[in-house]
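**Q** below is the structure, and that's it, no one-letter string:
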């Protein structure tokens, strides 16, 4: 096949995470067979799964949190007994105090102000493979760190950093595994699919300690195995995952007429039921009513996870609590669900997964993410039909997208998200991350804190969100930092060849050629339209 | 004016500025509507609370016999350890808002209760779309009422820019009228030369990016005074910090007259809390932000109105998890020296079951658009027709509420 540079740019940028630098040959490979380059990842058995040494299962992590919380409590009580303030200042329990307010800044956000300079330098150093001069910040660091003066203060003035607790360590390990996979992937199409579905079915690590420790295992367990599987399966896996049940409060929801509901005078919480229909499946205009929301909320009462005492099962596992389940048949979207117990909700989810509104909602969002803010209607219609005909086969959906003409001819107008920008930069510079802290800090700064969107609708997916004045200014500052760290050692024109070859514009090439230093040239390359648009 | 014209005009001026190294001041044009006759120089700040604020928990109808029962364990009370601040004999303000309470007593703050946009469903995202777009339904339009109000102001060489506070421009301020953006961060600045080269590249290859990057570069400079160094802090401190920076920009003689910002986190499904707790924490932040506006704007506060609005309210009855679910009627707040305050304005529908909207929510009796239109008219002199057709299309039935501004 003839070499097609423009199609290579589409393959690498629209579908993937950008060309890798060094000897990867990504651009040449993509140019010689663009569709084949993208699709190669789809046919790799188990290629989407992520297993890294030390990553643990959700129940194991849940138990780790329970143990950690018990230790904190014991330390606090011991301190109270001797009449001194507790040395270890525990973070508030989920839902207990203001710091855990959904959407409110996490400890990391709170500290990010003081650490901005640091994390900015650090991301550059990380990509440079150099050692940061002090303990790196990350999204899980203690809020007490926030009380330190800004980076203008010499490092020596800082007290020794506290050792990370199990939640912070886990978050970093999960983040690092994801970042390394994204940096090393051949094309990155399946990693983009993971990010898409993970954002579609998002939780927020800012919800509390359980959400923070589970953010990575949620994606590994509920998203990755199904990204090339069936929609009904990903839906069930997500809605039954302890992280989602915790994030949208379903573990607190009790059927009013259930045994637990009658005893405890607590009741229904509609949060998960609403977001299942509005955000995960049917879409806001998908043809459901408030009655349906309430009905689904009743149907899924009892979907919870076992707590630390393990009364319902092994702590940290999904369990169905019959005591909390609203008894009796329920009418949802005009259909009566008689089945008792867990089967009632599973039957309802299976039907919602194949609802026509779901097919439309998913196809539209999918095309919007990969092709254009205003998705071409014909392409949306085709993917909707594929979704319907294959009963929600997500691999068929992805394949149909790659096979379409629209996806190859539409101009590259979408902005890379901050995550895509940072990963693409690391790939081009051929730097495998060894420390996630710097990436996490920069993601906080650019408004896309990892696994922590402000609401259950996930991070936005439009140019209006990412091509904003402050965001572009911050990207430039980050690019300048990377340039000043690494510019000496690279030839920016070589990198331009790796990234875009003869698909690069004359203006971009000239701008890089005419830069007054290699450092400046690298910053300009990272900020060029060829690296920012996909 | 087409988008292209606006872009070109802005690009030309911004590029000139970059080359000349001039400041924010030179291109945030003075508004022509500064009133020569009475010497007033009106300012408007719109604060969007994302997540649907519980209006019944913020300004509680403690005089309504059904309120305490419905709001249950989180209801505010006149007495007790954290008594609510009585605004009149019927409504009481949440105790975590003493600054607003002070402004209310000084007649520079007002509450409008039982308001809502025309939106009657319960999706945050559609509700915010209606609130910010100014259209009667979620139409996915890409412009907001505040931007269209800006556009309707007198033109000429002194068109004003709206200020978008935060890393992204809220929909309410998006559109063809020029806006500038700012967020409270301080980083090592990219040097001017690098920035200029990049803007030049974008100008040739990607004009949209040229425009947003230029804005980001200018605003950062204008706002980075000594006292705007990044500070640690929780959500409350963040709200104050954002307000402080915005006030500083707007206080300048040649600063923007109109700004919009958004605070997240008001979706209180569980453990909402009463006089203390989660919502109280957030309201404290909002209260602090209002105080920062007041002190930061200094003499300008006299002519300023701050409008606080949210996409919809929450259920009148608490749910099974000591929170509230998505509802309809809620409050709007006004604060500022320009506000004719000391009043709770409400056609109170009552909280009897039969009076509730769909048996769940505070029934809205005032159209939020009427409130906003009243403020826009009093502050900037926009006509009924422009307000009913351009700023809030198809809203003739929602007449501007008179006399909100002194």
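**A** It's in. Remember, it's a predicted structure, so these values are computed and weren't measured experimentally.

**Q** so where's the chain shaky on pLDDT?
**A** Using chain A. Along chain A, the model assigns pLDDT under 70 to residues A:1-2, A:83-160.

**Q** hmm, no, I was thinking of chain B.
**A** Chain B contains residues with pLDDT under 70 at B:1-38, B:155-160, B:166-168, B:184-189, B:220-234.

**Q** ok, the residue of the stretch 251-400 of chain A found nearest chain B to residue B:248 distance?
**A** Residue nearest to chain B within the stretch 251-400 of chain A: residue A:267 (2.5 Å; C-beta to the nearest C-beta). To be clear about C-beta, it is placed using only N, CA and C from the backbone, and glycine gets the same treatment. Counting by C-beta to C-beta, to the nearest Å, the gap from residue A:267 to residue B:248 is 47 Å.

**Q** and the spatially closest residue to residue A:326 that is not a sequence neighbour, what does it touch?
**A** Nearest-residue entry for residue A:326: residue A:255, 2.7 Å, with adjacent residues in sequence omitted and distances by C-beta to C-beta, 6 or more residues apart in numbering or on different chains. Residues near residue A:255 by C-beta atoms under 8 Å, 6 or more residues apart in numbering or on different chains: A:261, A:267-268, A:298, A:301-302, A:324-327.

**Q** does residue A:255 belong to a helix, a strand or coil?
**A** Look at residue A:255: counting by DSSP: H, G, I helix; E, B strand; the rest coil, its state is coil.

**Q** quick one: contacts for residue B:402?
**A** Going by C-beta under 8 Å, 6+ apart, residue B:402 touches residue B:374.

**Q** where does chain B get nearest to chain A, which residue?
**A** As assessed by C-beta to the nearest C-beta, chain A sits closest to residue B:320 within chain B, at 2.5 Å.

**Q** quick one: the strands in the stretch 251-400 of chain B?
**A** With strands called from DSSP state E, counting those that start in this stretch, the stretch 251-400 of chain B shows them at B:258-263, B:304-310, B:330-335, B:343-345, B:366-367.

**Q** helices and strands around the last one, which ones?
**A** Of the remaining helices and strands, those touching strand B:366-367 by 3 or more C-beta pairs under 8 Å, 6 or more residues apart in numbering or on different chains; DSSP states H and E are strand B:109-116.

**Q** got it, and the first one?
**A** Strand B:258-263 sits against strand B:43-49, helix B:145-152, strand B:162-165, helix B:235-251, helix B:278-297, with contacts defined as 3+ C-beta pairs under 8 Å, 6+ apart.

**Q** which of the ones you listed is buried the deepest?
**A** Of those, the one with the most neighbours on average (mean count of other C-beta atoms under 10 Å in any protein chain shown) is strand B:162-165, at a mean of 28.

**Q** residues in contact with that strand?
**A** Residues outside strand B:162-165 that contact it (C-beta under 8 Å, 6+ apart) are A:469, B:146-147, B:150, B:170, B:173, B:177-183, B:242, B:245-246, B:249-250, B:255-256, B:258-261.

**Q** and for stretch B:92-110?
**A** Residues outside stretch B:92-110 that contact it (C-beta under 8 Å, 6+ apart): B:57-60, B:62, B:76, B:78, B:82-87, B:111, B:275-276, B:279-281, B:283-284, B:286-288, B:290-291, B:294, B:333-337, B:339-345, B:404.

**Q** so which of these also contact chain A?
**A** Contacts with chain A within the contacts of stretch B:92-110, as defined by C-beta under 8 Å from any C-beta of the partner chain: residue B:281.
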